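1. Attaching a predicted model along with its sequence, questions to come.
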Amino acid sequence: MTIESILEALSYANGNELPVRLVLRDGSEITGIPMSVDTHITAHEVFLHPTGDADTEIGISLAAIVSAEMA
């Protein structure tokens, strides 16, 4: 999946408060609702609340994401 496609899915989910399933380069998966997508060169990451845990926020480097799809 291209970075453009990943960003498109994350941005759409972020704008509509929808959960996404991310597959990371290490093979792990995480499902959550994106709270912000920062494409600035110094950050280049997404922050999300894992599904079922609105009190936790996880930051994931966009470079670590292999694919993103609506969950």
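-> Everything's here; your move.

2. Pull the distance from stretch 56-71 to the chain's centre.
-> 3 Å (C-alpha atoms, centre = their mean, to the nearest Å).

3. Quick one: residues in contact with stretch 41-50.
-> 10, 20, 22, 30-38, 56-63, 65 (C-beta atoms under 8 Å, 6 or more residues apart in numbering). C-beta coordinates here come from the backbone N, C-alpha and C atoms, glycine included.

4. And those, which of them are buried?
-> Those of the contacts of stretch 41-50 that meet the buried threshold are 10, 20, 22, 30, 32-34, 37, 60, 62, 65, by 16 or more other C-beta atoms under 10 Å.

5. Return the distance of stretch 5-21 from the chain's centre.
-> 7 Å.

6. Likewise for stretch 32-52?
-> 5 Å.

7. V37 pairs with what?
-> Assessed by DSSP bridges, V37 has beta-bridge partners V46.
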